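A.B. asks: Attaching a predicted model along with its sequence, questions to come.
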Amino acid sequence: MHTKADVLHIGYPKAASTFLVKFLESHPEVTVSQFELSDILQQTGGRFEIQAKPSLHKIHVSKDENIAESVCVVGDLKNWQRCLYVPGAWDQVKNDILIDPGEAALRLHKIHPDAKVLLVIREQGDWLQSVYKFVMSQLPWNRRSFADYCTTPSGIVLLQAGHFDHTIRAYVDLFGTKRVCVLRFEDIVSAPKRFSAELCGFIGVSDQPLPQRRENETHAQIARIQRFFPLIERLPRGLKNTLKPHATRLMPGARRAIFSARDFRILRGVYMASNWRTDKLIRQLSRAA
C-alpha cells in the first residue's frame with residue numbers, strides 16, 4: 001500500500017533524513033510516511049495500490065532516503081540483501097540489481113507523476129565517513145577497514161551514489177526543474193534560517209525554525225571501538241556499556257576523525273568533476289524556483 005504523496009524525500013542516507021522527518025512531523029501543515037517507496041525499486045513491473053493521503057488539507061511527504069542510492073532490483077532481492085555487507089561479494093549480486101538513477105526516477109514517476117522531489121546532499125568525504133561509521137558493525141569482524149567496506153555491494157553502491165549530479169539530472173529530466181529541490185546538509189548548521197525557508201517554501205507550507213537537536217548521530221569514537229574490538233558488540237548490553245570507556249582509552253587516536261587527511265583528498269579528487277556539475281544544476285534549480 002502506498003500513500004499519495006505531494007513530496008518525495010528520496011535521500012541521501014546519513015544526510016539528516018531522520019532530523020528532517022522529526023521537523024516535518026512537528027509541522028502543523030504536514031503529514032509524513034516513511035519507507036513506502038523502496039518497494040517501487042524492489043519489484044520489477046509491480047502494481048501498487050495508492051491510498052488517499054491522511055489529510056486533504058495538509059502536504060504529505062513520503063520519505064525514503066535510500067531511494068537516492070538508485071538500486072533497482074531485477075533479480076533475487078534476498079540474495080542482494082544477504083550479501084550487502086560482504087567484502088568482495090559484488091560478482092555474486094551484480095546480476096540481481098541495476099544501479100541506475102534514470103531507472104529509479106522512472107519507476108517513481110510512474111507511481112507519483114505529480115509529486116515534488118526533495119534531496120539533501122552532503123560533502124562526500126564527510127558523508128561517506130558517516131555512512132562507514134554507521135555500517136561498520138555489519139561488516140565481518142576481521143574486515144572492517146574503509147577499504148574493505150568499499151569492496152562490499154553496499155560500499156560500491158554508495159561510492160557511485162556520491163556522484164550527485166547523475167541522480168539530480170535523472171529526476172530533473174522526468175519531474176522538471178520546478179519540482180526538484182536540492183538542499184545542502186551543511187546549511188542546517190551554517191545557515192539554518194535559509195535552509196528552513198527553502199525547505200518550507202519548496203514543500204508549500206509556512207516557515208518554521210529548525211530544531212536545535214541532531215538526530216541519529218553516529219560517533220567516531222563508537223565506530224573505532226567497533227573496528228578495533230569487534231567482539232565487544234556480541235556482549236550483553238550492560239557489560240558492553242561498561243567496557244566501552246576502557247576500550248576507548250586503549251585505541252590509537254581515539255578522538256580523531258576516522259578518515260585520514262589523505263582519504264579526504266582522494267575523495268575530493270574522485271568527485272571534483274561531479275561536484276562542479278552538481279553546483280551548476282543547483283543554480284539552475286534555484287533560478288527555476
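C.D. replies: Sure, I can see it.

A.B. asks: Give the rounded mean pLDDT of stretch 202-213.
C.D. replies: Averaging pLDDT along stretch 202-213 gives 91.

A.B. asks: which residues touch that stretch?
C.D. replies: The contact list for stretch 202-213 (Cβ atoms under 8 Å, 6 or more residues apart in numbering) reads 6-7, 19, 22-24, 26-27, 29-30, 59, 61, 116, 118, 181, 188, 192-193, 195-197, 200-201, 289. Bear in mind the C-beta positions are built from the backbone N, C-alpha and C, glycine included.

A.B. asks: in it, what counts as buried?
C.D. replies: Phe202, Ile203, Val205, Gln208, Leu210 (16 or more other Cβ atoms under 10 Å).

A.B. asks: Let me know the closest of the residues you listed to Asp39.
C.D. replies: Ile203 (23.4 Å; Cβ to Cβ).

A.B. asks: so how far is Lys63 from that closest one?
C.D. replies: Per Cβ to Cβ, to the nearest Å, Ile203 is found 12 Å from Lys63.

A.B. asks: Now for these two: what residues contact both?
C.D. replies: Leu24.

A.B. asks: Okay, and which of the buried residues of stretch 202-213 map to helices?
C.D. replies: Residues of these located in helices (DSSP state H): Phe202, Ile203.

A.B. asks: got TSV for the buried residues of stretch 202-213, with distance to Gly162 too?
C.D. replies: Shown next, in TSV, are the buried residues of stretch 202-213 (distance: Cβ to Cβ, whole Å):
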residue	distance to Gly162
Phe202	23
Ile203	26
Val205	30
Gln208	31
Leu210	25
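
A.B. asks: my guess is Ile97 contacts Val73, does it?
C.D. replies: Yes. Between Ile97 and Val73 there is a contact under Cβ atoms under 8 Å: 5.5 Å.

A.B. asks: what do those two both touch?
C.D. replies: In contact with both Ile97 and Val73: Trp80, using Cβ under 8 Å, 6+ apart.

A.B. asks: Which residue of those two possesses the greater neighbour count?
C.D. replies: Ranked by neighbour count (other Cβ atoms under 10 Å), Ile97 and Val73 place Ile97 first, with 21 against 18.

A.B. asks: Quick one: residues contacting that one.
C.D. replies: Contacts of Ile97 (Cβ under 8 Å, 6+ apart): Val71, Cys72, Val73, Val74, Gly75, Trp80.

A.B. asks: quick one: Pro101 and Ser70 touch, right?
C.D. replies: Yes. Pro101 lies in contact with Ser70 (Cβ under 8 Å); the separation is 4.4 Å.

A.B. asks: Find the residues that touch each one of these two.
C.D. replies: With Cβ under 8 Å, 6+ apart, Pro101 and Ser70 have common neighbours Thr167, Ala170.

A.B. asks: Average pLDDT for stretch 126-141, rounded please.
C.D. replies: On average, stretch 126-141 scores 92.
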